[in-house]
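Trainee: got a sequence here, can you model it:
(chains A and B)
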Protein chains: 2
Amino acid sequence: MNPSAPASAPATARAHKVLREIPFGATTLQVPARRLHLTNGESLDLYDTSGPQGHDRRTGLPKLRQPWIERRKALGTENVSQMHFARRGIVTEEMAFVAAREDVEAEFVRSEIAAGRAILPANIRHPELEPMIIGSNFLVKINANIGNSALASSIDEEVEKLAWSTRWGADTVMDLSTGKNIHETREWILRNSAVPIGTVPIYQALEKVKGRPERLDIEVFLETLAEQAEQGVDYFTIHAGVLLRYVPLTAKRVTGIVSRGGSIMAKWCLAHHKENFLYTEFERICELLKKYDVSFSLGDGLRPGSIADANDEAQFAELQTLGELTEVAWKHDVQVMIEGPGHVPMHKIRENMDLQKKLCKDAPFYTLGPLVTDIAPGHDHITSAIGAAMIGWYGTAMLCYVTPKEHLGLPDRDDVKQGVIAYKIAAHAADLAKGHPLAQKRDDTLSRARFEFRWEDQFELGLDPDTARKYHDATLPQDGAKTAHFCSMCGPHFCSMKITDDVRKLADSQGVDAQVALERGLVEKSEEFARTGGALYS
Amino acid sequence: MNPSAPASAPATARAHKVLREIPFGATTLQVPARRLHLTNGESLDLYDTSGPQGHDRRTGLPKLRQPWIERRKALGTENVSQMHFARRGIVTEEMAFVAAREDVEAEFVRSEIAAGRAILPANIRHPELEPMIIGSNFLVKINANIGNSALASSIDEEVEKLAWSTRWGADTVMDLSTGKNIHETREWILRNSAVPIGTVPIYQALEKVKGRPERLDIEVFLETLAEQAEQGVDYFTIHAGVLLRYVPLTAKRVTGIVSRGGSIMAKWCLAHHKENFLYTEFERICELLKKYDVSFSLGDGLRPGSIADANDEAQFAELQTLGELTEVAWKHDVQVMIEGPGHVPMHKIRENMDLQKKLCKDAPFYTLGPLVTDIAPGHDHITSAIGAAMIGWYGTAMLCYVTPKEHLGLPDRDDVKQGVIAYKIAAHAADLAKGHPLAQKRDDTLSRARFEFRWEDQFELGLDPDTARKYHDATLPQDGAKTAHFCSMCGPHFCSMKITDDVRKLADSQGVDAQVALERGLVEKSEEFARTGGALYS
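Mentor: Numbering: from 1, shown residues only, chains lettered A, B, ... in the order given. Below is the predicted model:
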């Protein structure tokens, strides 16, 4: 505890982006972080997802990975997946980069990817990517969805949403566009994204068959995958687990099938009375994905759309199929994560995680929320952050955000921020509960700043300095109040933290442990204490 | 499922307050509810906390309980606590009222109160109260804090915050005023409150000794309690568990003592080197409380103020003392609940609940959050709603709200609403996880409305119809869109719920169970289905 700042400490907390030099073979990697300089002279590096700043959107971000990808071409392998390299014992630049971000050994990253317990989504056609990893033995990640629909939004808005969501901490972004200009929107997003981009290719495939699901087939689908893989998409949601025989299991549900992809494939299966072509032709998809290192995000097309439907037969039947497909993908060294619900009451969340781990052999789980109740439209970032935090603690590797507009409309800029912040809270709470030392360190640093009334440090250490500062200033706008040893909740003469400080000083002034001080007989000091301490309340 | 509304159904969902007539002996009780008339002809009664409307604040609310209290005077007992009556086998009007609100038998209410597993806070000087119950075998409740501090707020603002917070569902309200006009503010609040009012009397007692904790004593404290009990306060937070020997246990904490009441008593103990007078004179306090039926809310003065300090020795030592005091209070038939933290990471929450149950013999637990991380100042309604939902599921009976301004400033009107809604979510999610049939029914009714695109029903069934409607209209403002069979997320031609409806209709059209339909061989129907269903996507 050192409430008085040393001479070298800045008068106000400052944060800026740094590139840390990490040795890799004969070269070095430049790994980004957000460095905080606190007013007490301490500094702290935080994980940073915002990517290179200040570039012209028309030219896009610098191609960080290009030399790494070129170098590996010399290896002459047709399979370029990180899993393929990992299983051959090769630590790639991407793995070393990730290891530095996560503060672990690169060899550990390699072994987790080799075992399928983590994925490093990194299409070789997406050189702008700053690599990151998704796995339960790493920091819990969050995904933000963007994308226009037929009714709203423009390309520029979507690129802006990408920058905005990564500024607040989105680890990956999914482009869920379904309207016009799908290809062009995606191109702009990829060239300006330092985070992995995921898509649901069936949306574009459906556009190609004029919106008629029954006209879909594996050829048009593979053509779509190839187009998107060439652009650089890092992971594909593919609903290969929606089997014909599972569809009738949804007929008695309160909310049937709520996944768009799931309902498209269900309709296809019923229309043709045939098995889902994504399932029957799954190995052809693997063949394509491994040439680019696109990761599978095996979609949960039969996820529950309401509390009533959680953990039902349809959902878990599909999960079992996703487990089978995971092993098929791994046979091809294609990276896989598994998508999960959705809407699940708290007491049924753990079963989802435990079953997923078992059926999918520890492949990373990637869930949407889950929402723990359906009765709060307009506030579903909160209903779902509750479920997300819990399932993250239980072992989910990535949490797909939900914005306040969920079920009601398309998120605007503020909704995106609210969704990202709610999910950063959930992910971080999960990291804490899992005992992650980086997470605990940030909490403790903020708690000390709070206790010592270092307001600016508290703001900067938080997930949303702008809002914290604004709320503080709403009651106490004076600059002096930011270094004041009180806050507006109790006022200057009534502060519990100040009183505690007195208690501590009293112990310190004895030159002994507080417990011992009391045992020695504090009674002789009590009069003096009353005299000096009392002044605080005058 | 009946997407077409019967002739009697209203064109738009309507909600209004009703008073249900409940027989009680020779008379009837009028129990409030919010009745929703849905557009499909169904209706649903929801628990309502908003109290009688349209009264002049200067005269206050009608005195619903006055005749009940008068009648019981004939019993000639000096102890007027609900626990005292319950233990003598008497079902009071208050118990019957509560039973109707909770949809349980009045005898069950009586037995829970008699056992100390629930409290019915109802000061006989607060006749305006609409009785409610706090216990783990009832609906989880939430508390909203209001109250001015020396720096901000006026009486009128506080009464408005009371009305506003109960409108959104606050079950009790604590007046935490510490500035001027404490007595007058409280009087206005009580006379206009249909929910129980709690206070922390040490704040006012401290004002009486000019803000010098060391000048406090049991006489000034009892005088304060008598003053507040006479006004009608329903429960008192009393920090009787902060013992002298526990104070040094906090010296090594990251955030010391963060409870105002706790720090005041800690300072008193150290200043005098004597045991906490609230502890040593606890039975005198019981004697006073039982004359009014004021309930104890035994304060956790040593609760952790940060993740780092959760579940430490100081916290649990105090909890053990609160367990001892619970038994003392019960000896006097005084109702008791126990306050809990605060700041606790997810993996340490259950230990709080389990230990509280054991040490405090199933007395209701009343927690503040807990916040599951400290790194989100400006969003602590979310960090704490996560912990609140979990501890509510584990058995906590009442959740004290946290607003977005927590740690930063005093909540304004919108902050109060955000805090209440976040906590209604947490409480309801806990009810669902505990299997409460009323909670499940509301979720299912909303889910059906959502699936059938009954937008107005969905809004009204939610916790915040205003926000849901506003968000929906931001993308699709036309009136027609509120009955449209699509929403802005996917657009009219791309709706998963619509596709599911097709799946279901297909099964129905076979006149058989969907599973059987498929087994019979749907293949012969697939062409027809493709023809008719395909039209949806043209």
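Trainee: flag every buried residue along the lengthiest helix in chain A.
Mentor: In chain A, assigned by DSSP state H, the helix with the most residues is helix A:413-433. Residues of helix A:413-433 classed as buried by neighbour count (16 or more other C-beta atoms under 10 Å in any protein chain shown): A:415-433. C-betas here are computed from N, CA, C, even on glycine.
Trainee: now the element after that helix, going C-ward?
Mentor: helix A:437-451 (DSSP states H and E).
Trainee: how about the helices in the stretch 251-400 of chain A?
Mentor: With helices called from DSSP state H, counting those that start in this stretch, the stretch 251-400 of chain A shows them at A:260-272, A:277-280, A:282-292, A:313-331, A:349-359, A:380-394.
Trainee: among these, which comes closest to chain B?
Mentor: Closest of the helices of the stretch 251-400 of chain A to chain B is helix A:260-272, at 3.8 Å (criterion: C-beta to the nearest C-beta).
Trainee: is any residue of that closest one near chain B?
Mentor: Yes - against chain B, helix A:260-272 shows contacts by C-beta under 8 Å from any C-beta of the partner chain at A:260, A:262, A:263, A:264, A:266, A:267, A:270, A:271, A:272.
Trainee: count the neighbours of the second one for me.
Mentor: By the measure other C-beta atoms under 10 Å in any protein chain shown, the count of residues near residue A:262 is 29.
Trainee: the fourth one too?
Mentor: For residue A:264, the number of neighbouring residues by other C-beta under 10 Å comes to 27.
Trainee: what's the answer for the fifth one, then?
Mentor: The number of residues packed around residue A:266, counting by other C-beta under 10 Å, is 30.
Trainee: kindly report the same for the first one.
Mentor: Each residue near residue A:260 was counted by other C-beta under 10 Å, and the total is 24.
Trainee: ok, the one 3 residues further on next?
Mentor: Close neighbours of residue A:263, defined as other C-beta under 10 Å, add up to 30.
Trainee: isn't it up against residue A:257?
Mentor: Yes - under the criterion of C-beta atoms under 8 Å, residue A:263 makes contact with residue A:257 at 4.4 Å.
Trainee: one step back: near chain B, which of the buried residues of helix A:413-433 show up?
Mentor: A:421, A:422, A:424, A:425, A:426, A:428, A:429, A:430, A:432, A:433.
Trainee: out of those, who's nearest residue A:446?
Mentor: Distance to residue A:446 across those (C-beta to C-beta) is lowest for residue A:428, with 11.0 Å.
Trainee: report the contact partners of the closest one.
Mentor: By C-beta atoms under 8 Å, 6 or more residues apart in numbering or on different chains, the contact set of residue A:428 is A:140, A:439, A:442, A:463, B:373, B:375, B:376.
Trainee: need those in JSON lines (columns: distance to residue A:129 and neighbour count).
Mentor: Shown next, in JSON lines, are those (distance: C-beta to C-beta, whole Å; neighbours: other C-beta atoms under 10 Å in any protein chain shown):
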{"residue": "A:140", "distance to residue A:129": "20", "neighbour count": "31"}
{"residue": "A:439", "distance to residue A:129": "24", "neighbour count": "23"}
{"residue": "A:442", "distance to residue A:129": "25", "neighbour count": "25"}
{"residue": "A:463", "distance to residue A:129": "24", "neighbour count": "24"}
{"residue": "B:373", "distance to residue A:129": "28", "neighbour count": "33"}
{"residue": "B:375", "distance to residue A:129": "26", "neighbour count": "25"}
{"residue": "B:376", "distance to residue A:129": "28", "neighbour count": "28"}
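Trainee: cool, thanks, talk later.
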